[in-house]
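> Sharing a sequence plus its predicted fold:
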2 protein chains.
Amino acid sequence: MPRATLITNIGELVTNDEQAGREGGPLGIIRDAAVLFDDGLVTWVGPAADAPAQTAGVELLDAGGRAVIPGFVDSHTHLVFGGDRAEEFAARMAGDRYEAGGIRSTVAATRAATDDELRARLAGFVAELHAQGTTTFEIKSGYGLSVADEERLVRLAREVTQEVTFLGAHVVPFEFREDPRFDGDQAAAGDAYVDVVIGEMLAACAPHSRWVDAFCERGAFTAEQSRRVLEAGAAAGLGVRVHGNQLGEGEGVHLAVELGAASVDHCTFLSDADVSALASSDTVATLLPGVEFSTRQPYPDARRLIDAGVTVALASDCNPGSSFTSSMPFCIAVAVRDMGMTPAEALWASTAGGALALRRDDVGSIRPGLRADLVELDAPSHLHLAYRPGVPLVRRVWAAGAPVVGRPAAT
Amino acid sequence: MPRATLITNIGELVTNDEQAGREGGPLGIIRDAAVLFDDGLVTWVGPAADAPAQTAGVELLDAGGRAVIPGFVDSHTHLVFGGDRAEEFAARMAGDRYEAGGIRSTVAATRAATDDELRARLAGFVAELHAQGTTTFEIKSGYGLSVADEERLVRLAREVTQEVTFLGAHVVPFEFREDPRFDGDQAAAGDAYVDVVIGEMLAACAPHSRWVDAFCERGAFTAEQSRRVLEAGAAAGLGVRVHGNQLGEGEGVHLAVELGAASVDHCTFLSDADVSALASSDTVATLLPGVEFSTRQPYPDARRLIDAGVTVALASDCNPGSSFTSSMPFCIAVAVRDMGMTPAEALWASTAGGALALRRDDVGSIRPGLRADLVELDAPSHLHLAYRPGVPLVRRVWAAGAPVVGRPAAT
């Protein structure tokens, strides 16, 4: 168990607790702050001058006037897969169009990989997430698309995170699409695959999963197919999340709100009715700037959503096809430049917003009783996350009070 | 002196030497490669199977199949300054417009800083550059704008790099603009300041500098004022570089070509005549994607330049006002997404292109006789620099054969 630690001389502490800090609105910023944590949990937060008297067992750390923020909560990734699609990316940048069908090549590579190969890859990604300040992350299946392979992916994901999402309904696999039984009828192929998803596949995957998800989009699953998957998942005790409205307006948002989904992800193309429905629901709109960056699609309009009262989260969607970034700071920089978010809104959406999207009340903020997930930046302010795009500003990271990243100061 | 080192098991070696590697056009890629260096210089490059027999004094390093590329050459930065402008950045993102006049606040903070404060800041930036794979970098003055302060900035810059540029002609300083002698006549104020720049200031700065530069733009210096500065610098033995065509079409490119400048930087707004003039000259067009990212200006059209036969370099323009990124990988990712460059063109422009922009023939490529500036990526291919935006992929860095960055593998 990590020892009790007092971090002091924090130039700017972002708590995401409006009661604790009077600056920065929802960021609840405290200047010249200190944080005490013990046994993995935050036990005290406040101005350094008021910090509890130092006792013998407490490790004292000096933040040198730097900023400390909550660990990022990345509520949308697809990190269990084999191979990569660097060549496809280069071809797309040279003019090819992104289509969901490209997922197929990753499915083939993932099926061909051994458990240990996938585990080693996953361990690398976890280190990469930590190095960039992400302390809570969700992982979806969806590159197996057979009962045995989907079970394998959620099982492996569960070894590194409790936020596992069963996404058997990612795309209709090759073997169904080209099955002569359906004679090219893609709707019939999809229906038959959904039968498997909600039957044997769900039964195999639910024990390892917390969430069910479906890709409700042209080229993937219809609203009716998605509804069957999500309702079956909910009946099996899983929380609901939806991929929707990525490539065009569609029924994803409507379905998500109707089913009380924790989050609907992408939200790039929204009607006014979609925005209103989200605003009067508890469903979080999770925006994924890495996707639009990496596919040259138009960016979602975060400003419109926030102004309408929708709760917005940012996530990386880290996956080898449409967004191979795992960097929440990068997502923040793009959201500020191209999606109309302020730096404060983008940081909140990447921490507290992500926690809401995962229905977690123990992470995403720095306050007594919550998990001690903290990131010290090589910068005096959270503004630098957008102000210094691409620069690795994460200096030290604690996950549940344990140091997982520490590098010498650059200055 | 660093010891002789053989790096082997390099999955993809980017040499920038078309004779050495047959793949990737100008990148001269060798698969399954090895590199030997000694005494700070590369001594052998080729397929690992052909590597020289190992001898006792040689350190053997295994790249584990990863990619190795030349160290980045960042030919345009402004890294000696005090303060930052995070609040101005946040205001601009909320709708304020970028104008060159914002430089004034950095001038005040820089003048107020002690030498040791600027030195400490600079040391931090050098560590940051190394950590991101940059092994050669230029630094401009231009936040002093008085004889004593400009001399101080080039002198401090010279402590960390030989590529020092005297940019007294960055903007006309406050004390000239508001001097009652000129009664608000900005042209007269500029002329009087230029008299100082080409007189006492140049005399004080030239001994510490390799280059002279002028910001030829509305709001900064006219073409005639810029010409006076550049010609005086050239007469004092300095090479010529120009800031031009950033905020609108103007005479910067024309002037740069006429004076045989090594590089003209920004090149965001170009006439067809500008493009033709560049194509038939030795002047490099240095594009600075961080500026357009951070000011929401339209991006320069690299495709148009490359297709016309212009030599293009990429640089960070790292400065606290218009582009506070120091990340060449970030610049590459943006150049590929938004400026029409291929990943290969963007990498070449960030290494060999930067070397040409600095008229250096000892860096920017990996070949026998050149400086051993090498970057090992946590990736199998250089494509990942654009494919994985924002992700810190730099694993190990050698500058003139000495290890300056080494972190444990993520996988």
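Structure received.
> List the buried residues in the helix ranked longest in chain A.
Longest helix in chain A by number of residues (criterion: DSSP state H): helix A:115-131. Across helix A:115-131, burial judged by 16 or more other C-beta atoms under 10 Å in any protein chain shown covers A:118, A:121-122, A:125-131. Heads up, the C-betas are built off the backbone N, CA and C, glycines and all.
> For chain B, tell me which of the residues you listed show up nearby.
Taking C-beta under 8 Å from any C-beta of the partner chain as the test, chain B is in contact with A:121, A:125, A:127-128, A:131 out of the buried residues of helix A:115-131.
> Reformat these into CSV and put distance to A:Pro47 next to each item.
Below are these laid out as CSV (distance: C-beta to C-beta, whole Å):
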residue, distance to A:Pro47
A:Arg121, 44
A:Phe125, 37
A:Ala127, 34
A:Glu128, 35
A:Ala131, 30
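> Same list, these, but as CSV with pLDDT please.
Shown next, in CSV, are those (pLDDT from 0 to 100):
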residue, pLDDT
A:Arg121, 97
A:Phe125, 98
A:Ala127, 97
A:Glu128, 98
A:Ala131, 98
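> okay, the most far-flung residue of chain A relative to its centre: pLDDT?
Distance to the chain centre peaks in chain A at A:Ala56, reaching 38.7 Å (criterion: C-alpha atoms, centre = their mean). For A:Ala56, the pLDDT comes out at 83.
> for the one 10 residues further on, same thing?
Predicted confidence (pLDDT) at A:Arg66: the value is 98.
> what about it, how many residues close to it?
Using other C-beta atoms under 10 Å in any protein chain shown, the number of residues around A:Arg66 comes to 23.
> repeat for the one 4 residues further on
Look at A:Pro70: counted by other C-beta under 10 Å, it has 33 neighbours.
> Return the residues in contact with A:Glu18.
A:Glu18 makes contact with A:25-26, A:28, according to C-beta atoms under 8 Å, 6 or more residues apart in numbering or on different chains.
> my guess is A:Ser263 meets A:Leu287, correct?
No. Assessed by C-beta atoms under 8 Å, A:Ser263 is found out of contact with A:Leu287, at 10.4 Å.
> between the two, what contacts are shared?
Common neighbours of A:Ser263 and A:Leu287 (C-beta under 8 Å, 6+ apart) are A:Ala313.
> ok, for A:Pro392, nearest residue in space, not its chain neighbours?
With sequence-adjacent residues excluded and distances taken as C-beta to C-beta, 6 or more residues apart in numbering or on different chains, A:Pro392 is closest to B:Pro392, at 4.2 Å.
> That neighbour: what secondary structure?
Here B:Pro392 is recorded as coil under DSSP: H, G, I helix; E, B strand; the rest coil.
> if we can go back for a sec, format the contacts of A:Glu18 as CSV; extra columns: secondary structure.
What follows is the contacts of A:Glu18, written out as CSV (three-state DSSP):
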residue, secondary structure
A:Gly25, helix
A:Pro26, helix
A:Gly28, coil
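> Generate a ChimeraX selection restricted to the buried entries among the residues you listed.
Only the buried entries of the contacts of A:Glu18 go into this ChimeraX selection, using 16+ other C-beta under 10 Å:
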select /A:26,28
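> what stretches of chain A score poorly on pLDDT?
Along chain A, the parts satisfying pLDDT under 70 run over A:1-2, A:98-101, A:407-411.
> how is it carved up into domains?
With automatic domain parsing as the criterion, the domains of chain A are listed as A:5-70+A:365-406, A:73-357.
> separation between the residue lying closest to A:Glu231 once chain neighbours are set aside and chain B?
For A:Glu231, ignoring the flanking residues on the chain, the nearest one in space by C-beta to C-beta, 6+ apart is A:Leu259 at 7.2 Å. Counting by C-beta to the nearest C-beta, to the nearest Å, the gap from A:Leu259 to chain B is 33 Å.
> show me the contacts for A:Val197.
A:168-169, A:229, A:232.
> Please disregard the earlier target; I meant A:Val310.
Listed by C-beta under 8 Å, 6+ apart, the contact partners of A:Val310 are A:275, A:278-279, A:285.
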